[in-house]
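Q: With the input below, show me the fold.
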Amino acid sequence: MRKVVVWRSAMIPASETFIRNQADALSRWTPVYLGATKTRSTLARDTDITLFRSQRDPDFLRLRLFGSSPALRRALAAQQPDLVHAHFGGDGWLISGESARTGIPLVVTLHGHDVTRQPASPGAKGIRHRHNLRTVFGRASILVAVSEVIRQRAIGWGADPAKVRVHHTGVPIPAGIPDGPKRWDVAFVGRFVEKKGADDLLAALATLDAKAVFVGDGPLLAEMRDVARELRVDATFLGARPADEVYRVLASSRLLAAPSRTAADGDSEGLPTTVVEAMALGLPVVATRHSGIPEAVADGRTGLLSDERDREALAANLRKLLDDPDLRTSFGTAGRARAGAEFDVVAQSRRLEDVYDEVTGQRE
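A: Residues are numbered from 1 along each chain as shown. All right, here's what the predicted structure looks like:
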């Protein structure tokens with residue numbers, strides 16, 4: 001079997017189950033997980049290969065400043081992969097120099113903030129992000145965008161349209177839907193950052209008689225707990241949880257809310273994985289018309305969409321589904337069918353392997 005190095009500089013945050021699920025589902029290619037530093041998370045594995053003990057390592061500093069690292073070069077030489085697949089544009093740039101020097105073709109997946117917030121940053125930081133992004137655009141054989149919106153953003157920053165492919169990462173599709181009592185009315189799963197819109201959800205929930213559960217961590221978690229108390233929202237905050245527990249929480253909820261929005265600094269989603277995970281479990285979704293969400297959620301068939309930051313419309317959509325069990329069942333059934341047909345991680349990873357085959361065929 002051919003070998004692909006899956007590169008993520010921080011190996012690997014708990015919120016990035018999509019990277020694990022995708023690579024673990026490969027059948028014709030063997031993934032080797034390679035990173036710069038190890039992140040303590042529920043996704044970390046002893047088999048992950050990391051190069052540096054900390055971000056203060058001089059060789060890691062050299063990699064971040066100049067895009068070169070003897071340690072990374074040695075690791076690639078030792079693994080002898082047929083391909084490198086990097087996640088996020090910035091990480092793609094980090095490995096692109098050594099990938100080019102060793103003659104290993106590179107595929108880079110663009111997820112969201114790497115082609116929204118980062119290159120739009122002001123001053124020297126933005127100049128550097130744009131330079132690095134355009135460099136990796138040139139070095140990569142294929143650029144994978146997780147949604148059409150992200151594809152267009154990449155092209156807007158200078159990517160060759162012929163190189164940029166939309167590929168939905170996919171999620172595991174359970175064989176059946178867990179049958180059990182519903183503990184919560186509304187579930188939210190995601191990092192507590194501005195673009196996730198947790199404050200919009202709390203404001204909407206304050207107008208409803210509903211029990212909500214929030215899964216995830218992030219810099220705004222403490223603030224959102226305070227907002228929930230101030231608004232007297234019946235909300236349970238569970239913090240970050242392993243993937244299997246997240247699935248149990250979703251299965252114990254009546255619907256998923258994903259009120260994503262563009263942050264003040266331009267940060268945007270690609271296509272939130274939790275939206276598709278909820279659909280795979282037969283949950284209807286209440287979300288916003290943000291980035292790639294409408295590529296997954298069919299408004300009026302698998303969920304209800306509203307404009308970003310429209311708290312009244314968000315509350316109305318939540319109320320409509322919570323008040324109508326038959327509509328929830330109808331949307332949930334249609335959503336599960338859509339997830340299975342278009343977002344099954346096994347089928348999507350096979351399509352990704354076709355891209356790998358194409359790239360290495362070009363190499364030969």
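
Q: Low-confidence regions, this structure specifically.
A: 362-364 (pLDDT under 70).

Q: Tell me which stretches of it form helices.
A: Secondary structure of the chain (DSSP state H): helices located at 17-24, 58-66, 70-79, 89-101, 123-139, 148-156, 198-205, 221-231, 243-251, 273-280, 293-296, 311-322, 325-342, 345-363.

Q: then the fifth one to PDB, C-alphas only?
A: Listed in PDB are the C-alpha atoms of helix 123-139, where the atom choice follows Å, rounded to 0.1, in the frame of the first residue of the first chain:
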ATOM      1  CA  GLY A 123      -0.300  44.800   9.200                       C
ATOM      2  CA  ALA A 124       2.800  42.600   9.000                       C
ATOM      3  CA  LYS A 125       0.900  39.500  10.200                       C
ATOM      4  CA  GLY A 126      -1.500  39.700   7.300                       C
ATOM      5  CA  ILE A 127       1.400  40.300   4.800                       C
ATOM      6  CA  ARG A 128       3.100  37.200   6.100                       C
ATOM      7  CA  HIS A 129       0.000  35.100   6.000                       C
ATOM      8  CA  ARG A 130      -0.800  36.100   2.400                       C
ATOM      9  CA  HIS A 131       2.800  35.500   1.300                       C
ATOM     10  CA  ASN A 132       2.800  32.000   2.900                       C
ATOM     11  CA  LEU A 133      -0.600  31.200   1.500                       C
ATOM     12  CA  ARG A 134       0.400  32.100  -2.000                       C
ATOM     13  CA  THR A 135       3.600  30.100  -1.600                       C
ATOM     14  CA  VAL A 136       1.800  27.000  -0.600                       C
ATOM     15  CA  PHE A 137      -0.800  27.500  -3.400                       C
ATOM     16  CA  GLY A 138       2.100  27.300  -5.800                       C
ATOM     17  CA  ARG A 139       3.800  24.300  -4.200                       C
END
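
Q: can you put the helices of the chain in CSV and add distance to residue 191 and mean neighbour count?
A: For glycine as for every other residue, the C-beta is placed from the backbone atoms N, C-alpha and C. Listed next are the helices of the chain as CSV, based on distance: least, C-beta to C-beta, whole Å; neighbours: other C-beta atoms under 10 Å:
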stretch, distance to residue 191, mean neighbour count
helix 17-24, 12, 20
helix 58-66, 23, 14
helix 70-79, 28, 16
helix 89-101, 17, 23
helix 123-139, 20, 16
helix 148-156, 18, 20
helix 198-205, 9, 24
helix 221-231, 9, 15
helix 243-251, 13, 17
helix 273-280, 10, 27
helix 293-296, 16, 21
helix 311-322, 19, 19
helix 325-342, 22, 17
helix 345-363, 21, 16
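
Q: which ones are touching residue 281?
A: 174, 177-178, 247, 250-251, 336 (C-beta atoms under 8 Å, 6 or more residues apart in numbering).

Q: which of those residues lies closest to residue 309?
A: Using C-beta to C-beta, residue 250 comes nearest to residue 309 of those, at 24.7 Å.

Q: Could you tell me which residues make contact with the closest one?
A: Contact analysis of residue 250 by C-beta under 8 Å, 6+ apart lists 187, 189, 256, 277-278, 281, 283.

Q: For the contacts of residue 281, name the two members farthest from one another.
A: Checking the contacts of residue 281 with C-beta to C-beta, the most distant pair is 247 and 336, at 13.5 Å.

Q: In this structure residue 191 contacts residue 216, no?
A: Yes: the criterion here is C-beta atoms under 8 Å, and residue 191 meets it with residue 216 at 5.3 Å.

Q: Touching both of the two, which residues are there?
A: Going by C-beta under 8 Å, 6+ apart, residues that sit against residue 191 and also against residue 216 are residue 15.

Q: what about those two, which has more around it?
A: A side-by-side neighbour count of residue 191 and residue 216, using other C-beta atoms under 10 Å, places residue 216 first with 23 against 17.

Q: Enumerate every residue touching the more buried one.
A: With contact taken as C-beta under 8 Å, 6+ apart, residue 216 is in contact with 15, 188-192, 239-240.

Q: which of the residues you listed are buried?
A: Neighbour-count burial (16 or more other C-beta atoms under 10 Å) applied to these gives 15, 188-192, 240.

Q: Dump those residues to a markdown table, plus distance to residue 160.
A: What follows is the buried ones among the contacts of residue 216, written out as a markdown table (distance: C-beta to C-beta, whole Å):
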| residue | distance to residue 160 |
| --- | --- |
| 15 | 30 |
| 188 | 38 |
| 189 | 35 |
| 190 | 32 |
| 191 | 31 |
| 192 | 36 |
| 240 | 38 |
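
Q: Which one of these is nearest to residue 351?
A: Looking across these and measuring by C-beta to C-beta, the closest to residue 351 is residue 15, at 23.8 Å.

Q: List phi and psi for that closest one.
A: The phi/psi pair for residue 15 (degrees, to the nearest 10) reads phi -80, psi -10.

Q: Just the buried residues of stretch 31-43, please?
A: Going by neighbour count (16+ other C-beta under 10 Å), the buried part of stretch 31-43 is 31-39, 42-43.

Q: so residue 79 makes contact with residue 3?
A: Yes: using C-beta under 8 Å as the test, residue 79 is close enough to residue 3 to be in contact (6.8 Å).

Q: Contacts made by stretch 73-82 with the rest, please.
A: Stretch 73-82 is contacted by residues 2-5, 29, 32, 34, 49, 51, 84, 98-99, 101-102, 104-105, 356, 360 when judged by C-beta under 8 Å, 6+ apart.

Q: Of those residues, which belong to strands?
A: Judged by DSSP state E, those include 2-5, 29, 32, 34, 49, 84 as members of strands.
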